[in-house]
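Novice: no sequence on this one, just coordinates:
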């Protein structure tokens, strides 16, 4: 999703290779790079996960706190997403391009999780007064292409890993004047969105594009 500089010769060989079914790393158009996901990697977080897709490496941390619902959705919880690129993750991009990349990823993921596609009503504690706020922080340690797909995968893994402690629930209601009962809700995994990004290079469509392939893409479609 970020822009890098390739010479005309690099672009020529990359495009020609894709069109004859031989990508630079030997993959077929519909083939993913090696993928590895680890969960529960941060002990201080409510949930956490990391993902590697080829050289792309992203860490996700999930924390849950009690806050106020939004004025437009008083019977639902909230999800707040932040994306940060480690300085060396986009070493072939300038600072402005890296900042734009962070904002694009954040906006896309935030709008997805705020849409009606996700039911946030189980996160409501007291309608119009209290709800669970899920903070999702993404740290891109190495950005080697296909960041949106990788981000959606690692967010899903971290959310499924997330748990809420009884001590946190007690702290929520310690100042209430009446006894309240609360239930810890967990997301259903099949309701969490995933993205599959398709790029067109020359006349060929590919998935899991590398950073260099993204730079040669004529068009892209993000499917969820």
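Specialist: Right, received. Where do you want to start? A quick note: this is a predicted structure, and the numbers were derived from the prediction, not measured.

Novice: Near residue 149, how many other residues are there?
Specialist: Neighbourhood size, residue 149 [other C-beta atoms under 10 Å]: 24. All C-beta atoms are positioned from the backbone trio N, CA, C, and that covers glycine.

Novice: Just the mean pLDDT for the host helix or strand of it, thanks.
Specialist: Taking DSSP states H and E as the criterion, residue 149 maps to helix 147-161. Across helix 147-161, the average pLDDT comes to 92.

Novice: what do you get for stretch 208-222?
Specialist: Computed over stretch 208-222, the average pLDDT equals 88.

Novice: Roughly how far does residue 83 sit from residue 99?
Specialist: Using C-beta to C-beta, to the nearest Å, residue 83 is found at 10 Å from residue 99.

Novice: between these two, who's got more neighbours?
Specialist: residue 83 (23 against 13).

Novice: which ones are touching that one?
Specialist: Residue 83 is in contact with 102, 103, 105, 106, 109, 138, 140, 151, counting by C-beta atoms under 8 Å, 6 or more residues apart in numbering.

Novice: quick one: the strand or helix carrying it to helix 147-161, angle?
Specialist: Residue 83 belongs to strand 78-85 when elements are defined using DSSP H and E. With axes from the mean of the first three to the mean of the last three C-alpha atoms, to 10 degrees as the basis, strand 78-85 and helix 147-161 are set at 130 degrees to each other.

Novice: following strand 78-85, which helix or strand comes up?
Specialist: helix 95-114.

Novice: what comes up buried for that next one?
Specialist: Judged by neighbour count (16 or more other C-beta atoms under 10 Å), helix 95-114 contains these buried residues: 97, 98, 101, 102, 105, 106, 108, 109, 110, 112, 113, 114.

Novice: Just checking: what are the partner strands of whatever helix or strand comes next after that helix?
Specialist: Going down the chain from helix 95-114, the next helix or strand is strand 124-126, by DSSP H and E. When pairing is defined by DSSP bridges, strand 124-126 lines up against strand 130-142 (antiparallel).
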